[in-house]
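**Student:** Turn this into a structure:
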Amino acid sequence: MIEISSLTFDYPGHRALDGVTLTVPTGSVTALVGPNGAGKTTLMRCIAGLETPLEGRIAVAGMDVIEQPREVHRIMGYLSDFFGLYQELSVARCLEYAAAAQGLPEADIPAAIERTAQRLDLDDRLRQPAGSLSRGLRQRVAIGQAIIHQPRVLLLDEPASGLDPEARSGLAALFRQLQADGMTLLVSSHILAELDEYSTHMLALRDGRILENRELKPAHLTETQRTLHLDLAHADARLPQWLQGYAQVALQRADAAHAEFDFEGDLPAQAALLKALVHEGFAVSSLGEYRENLQQSYLRSVAAHLEKQQ
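**Tutor:** Numbers count the residues shown, from 1 in each chain. Modelled structure (predicted):
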């Protein structure tokens, strides 16, 4: 859905993006992560056609953002970190204004407002002034303005900033629903645990360069394939070799006390593996499914990057 090649962007005295090349798959929810100053917001603004890069190419659904910005805007929604609402307008009027600004025909706007309000659970708030709403509800109105025209791509910069846990949970459910409806999302946030709830891919930036851009591994690869993590109460040097010889195990990493591996088999087969380990004299303290969360994945990418620089 998004293709970027050799993207470079400079602020006076500072290179914010340095030769960035990446793709964002259609229908994905990509977590855009990195420290302050990594270039996340600049990247989003370039994709949205709000900044002009020094060099490089950005294409959204095959359209060049620099050469065809208006065409791209018709299929894109964008929510900036510091979004604005007209405080005195009702929620319905805010959505109506956004729909008209996106070029929806006047006859289609009432249906678009109703559809968007239902999707965001704002049906009973349409007559309320936007300025009277809670932070979480104002955030939903802002997202409503970004999706009123049913875009194919949605860019969200720190969408959960300032929200309480309940509002964040509701936002995560909304993003999962938008993805299920076929939308492609690129979401920037410092709250990695929140991103972990709904992201399918991770794009990590640091100093304007890509650390990693990859699909996040699902908890279950198939109904009979899972990633398992094994811990021993007492280290045993035989463990890596023993696991390598077990037919249903594809070892990823192991030492004398811990192992992580893909396992081909159902739950009874997993129970048989545990029985075999105990029978061989391994002091198993835990054996269960393992999924690396987003924070662990990001920190591993940073560690690998820093190791290369040494």
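**Student:** what about the residue sitting nearest the centre point of the chain, helix or strand, and which?
**Tutor:** In the chain, the centroid-proximal residue (C-alpha atoms, centre = their mean) is residue 31; its distance is 2.6 Å. Using DSSP states H and E, residue 31 maps to strand 29-33.
**Student:** cool, and residue 98?
**Tutor:** helix 91-101.
**Student:** mean confidence for that helix?
**Tutor:** Averaged across helix 91-101, the pLDDT comes to 96.
**Student:** Quick check on residue 25: phi, psi?
**Tutor:** Here is the backbone geometry of residue 25 (degrees, to the nearest 10): phi -70, psi 150.
**Student:** Same check on residue 279?
**Tutor:** phi -60, psi -30.
**Student:** What are the boundaries of the helices in this structure?
**Tutor:** 40-47, 69-73, 91-101, 109-119, 135-147, 165-180, 192-195, 239-244, 267-279, 294-309 (DSSP state H).
**Student:** Out of those helices, flag the one nearest residue 216.
**Tutor:** helix 294-309 (7.0 Å; C-beta to C-beta). Where you see a C-beta, it was placed from the backbone N, CA and C, and this is true even at glycine.
**Student:** so how far is that closest one off the chain centroid?
**Tutor:** 18 Å (C-alpha atoms, centre = their mean, to the nearest Å).
**Student:** quick one, it and strand 29-33 angle?
**Tutor:** In terms of direction (axes from the mean of the first three to the mean of the last three C-alpha atoms, to 10 degrees), helix 294-309 departs from strand 29-33 by 50 degrees.
**Student:** so where's the stretch 151-300 of the chain uncertain?
**Tutor:** 217-224, 291-294 (pLDDT under 70).
**Student:** repeat that for 80
**Tutor:** Residues of the stretch 151-300 of the chain meeting the criterion pLDDT under 80: 160-167, 190-194, 196-197, 217-225, 290-300.
**Student:** From residue 276, how far out is residue 248?
**Tutor:** 10 Å (C-beta to C-beta, to the nearest Å).
**Student:** Of those two, give the one with the bigger neighbour count.
**Tutor:** The neighbour comparison of residue 248 against residue 276 (other C-beta atoms under 10 Å) goes to residue 248, with 15 against 12.
**Student:** wait, what's in contact with the more buried one?
**Tutor:** The contact partners of residue 248, by C-beta atoms under 8 Å, 6 or more residues apart in numbering, come to 263, 264, 265, 269, 273.
**Student:** Grab the nearest non-local neighbour of the fourth one.
**Tutor:** Okay, so that is residue 269. Of all residues not flanking residue 269 in the chain, residue 248 sits nearest, at 6.3 Å (C-beta to C-beta, 6 or more residues apart in numbering).
**Student:** So that neighbour versus residue 273, what's the distance?
**Tutor:** Remark: distance between residue 248 and residue 273 (C-beta to C-beta) = 7 Å.
**Student:** got it, and residue 9?
**Tutor:** 51 Å.
**Student:** do the same with residue 150
**Tutor:** From residue 150 to residue 273 the distance is 48 Å (C-beta to C-beta).
**Student:** More neighbours: the two, which one.
**Tutor:** Neighbour count, other C-beta under 10 Å: between residue 150 and residue 273, residue 273 has more, with 21 against 16.
**Student:** and that one, what does it touch?
**Tutor:** Per C-beta under 8 Å, 6+ apart, neighbours of residue 273: 246, 248, 249, 263, 265, 287.
**Student:** Pick out whichever of the residues you listed sits closest to residue 72.
**Tutor:** The nearest one, if we look at the contacts of residue 273 relative to residue 72 and count by C-beta to C-beta, is residue 263, at 44.3 Å.
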